[in-house]
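Enquirer: Need coordinates for the below:
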Amino acid sequence: PNSCCFCFPYFFFFFFHHFVSIVYNISNTMATENTKPIIGYWKIRGLAAPIHYQLAYSKVDFDQEIYEQGDAPDFSRASWVDVKYTQNFDFPNLPYLKHGNYSLTESVAIHKYCAKKWCPELLCLDDDELYGKAEMSWAIMMDAKMAFTMPCYMGDGDKKAHWEKCCPRLESISKFLEGKKFMIGDRLCCADFQMAELVDLVDFISDGEVYKVYPNLKAYKEAVFALPGVKDFTEKSLALKFNNKSAKINN
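Expert: Next up is the predicted model:
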């Protein structure tokens, strides 16, 4: 009897703690599900615009937290840097996503989280071969994006020279898209939102010359930008610049 009396408080504490944990987890989940996601980024198109397109296509209402870079000559990043380490991100960076008590950084991770939660078909998890192609498309697209974006900030501001140097980077992508509506065929994947935005950036950099060299990229971009929900958001994006204020090539 004494042993039972000794054990009872322990088991009571164990089960009470377990019950509280369950209630806490349920409340956290409900708080997340009932909260609009928030996308934080600079006041530019950059890496965030394609995330906006994907959320709009997925019929997800969301809010934004916007940071603006200072004007020349300092181009201060204080609006972000001053709060960068105060928001409990594992790896503070822009863009970021906040969803209830959950937070995430890195654009690819954000795209995939949003797809898994609100539009799983974009991940192509039901088809191994399409999934592989979609993942490959991500990698190829990101390489091309870096090739076109970084010289906008680090080059001498010569658009024509930048276009002529980087033009060959699109040859394999254009060939890959031949006969396809989207990156992996008739089926949309997450990479399409970023790729269409990249084509629009290259359209600007090349003053439309990209479509003379790679005509199918025009039809591809128009197909993505005409998607339900995306069209309205691309029109809103036109008011924003592609790059930040410190870029030497910008619209």
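Enquirer: Show me where the stretch 1-150 of the chain dips below the pLDDT cut-off.
Expert: 1-33 (pLDDT under 70).
Enquirer: And the contacts of the helix or strand Lys116 falls within?
Expert: Assigned by DSSP states H and E, Lys116 falls within helix 107-118. Residues outside helix 107-118 that contact it (CB atoms under 8 Å, 6 or more residues apart in numbering): 37, 39, 47-48, 50-51, 54-55, 58-60, 95-97, 104, 122-123, 138, 142, 190, 193-194. In this view, the C-beta of every residue, glycine as well, is placed from N, C-alpha and C.
Enquirer: Span of stretch 65-80 from start to end?
Expert: End-to-end distance of stretch 65-80: 10 Å, with CA to CA, to the nearest Å as the criterion.
Enquirer: What degree of burial does the closest residue to Lys84 other than its chain neighbours show, as a neighbour count?
Expert: Sequence neighbours aside, Pro92 is the residue nearest to Lys84 in space, at 4.7 Å (criterion: CB to CB, 6 or more residues apart in numbering). The local packing of Pro92 (other CB atoms under 10 Å) involves 16 other residues.
Enquirer: For Pro92, give me its contacts.
Expert: Counting by CB under 8 Å, 6+ apart, Pro92 has contacts 84-85, 105.
Enquirer: got it, and Lys165?
Expert: Applying CB under 8 Å, 6+ apart, the residues near Lys165 are Pro151.
Enquirer: Just to be sure, Gln64 is in a strand?
Expert: Yes. Looking at Gln64 with DSSP: H, G, I helix; E, B strand; the rest coil, it is inside a strand.
Enquirer: Dig out what the spatially closest residue to it that is not a sequence neighbour forms beta bridges with.
Expert: Setting aside the residues directly before and after it, Gln64 is nearest to Ile39 in space (CB to CB, 6+ apart), at 5.5 Å. Beta-bridge partners recorded for Ile39 (DSSP bridges): Gln64, Leu97.
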